[in-house]
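Peer 1: kindly generate the corresponding structure for this input.
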Amino acid sequence: MAFNLKAMTAKELTKLKKEVEKALKSAEERARRDALKAVEKAAAEFGFSFDELSGKAKPKAAAKATKKKSKAKAKAAPKYRNPADPEQTWSGRGRQPFWFKEAVTGGTDPSSLEI
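Peer 2: Here you go, the predicted structure:
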């Protein structure tokens, strides 16, 4: 389809321009629909919907792992006692208290501090 644009009047050119714009818009919509179908097909192959991948929909919730409530840990029984202050005790777990460190570095045998 060849047009001699130089021989056409302004009215004919305007009409042609509108037809071209309409055809262009239609072709773009058709291409957009085809692209969307291809994307939806590709997403479906992986088990997703297009909305899930584009962020428009929430992803399908996987089975939620149930979190078990842990029992409150019982306080460990004291294993060592400060000879200078019998109120101060230590279970032997965690950080060594200052009085225990001081006694051991001073030459006291840890077994002598046991309860």
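Peer 1: which secondary structure elements does the strand or helix carrying residue 30 contact?
Peer 2: Assigned by DSSP states H and E, residue 30 belongs to helix 10-45. In this structure, helix 10-45 packs against helix 50-54, with contacts taken as 3 or more Cβ pairs under 8 Å, 6 or more residues apart in numbering; DSSP states H and E. For glycine as for every other residue, the C-beta is placed from the backbone atoms N, C-alpha and C.
Peer 1: from the middle of its chain, how far away would the helix holding residue 30 be?
Peer 2: 37 Å (Cα atoms, centre = their mean, to the nearest Å).
Peer 1: give me the pLDDT value at the nearest residue to residue 36 once chain neighbours are set aside.
Peer 2: By the measure of Cβ to Cβ, 6 or more residues apart in numbering, the closest residue to residue 36 outside its immediate chain neighbours is residue 50, 7.3 Å from it. As predicted, residue 50 sits at a pLDDT of 84.
Peer 1: do the same with residue 77
Peer 2: pLDDT, read off for residue 77, is 89.
Peer 1: how about it, nearest residue that isn't a chain neighbour?
Peer 2: residue 91 (6.5 Å).
Peer 1: tell me the contacts of that neighbour?
Peer 2: By Cβ atoms under 8 Å, 6 or more residues apart in numbering, residue 91 lies in contact with 75, 76, 77, 78, 79, 80.
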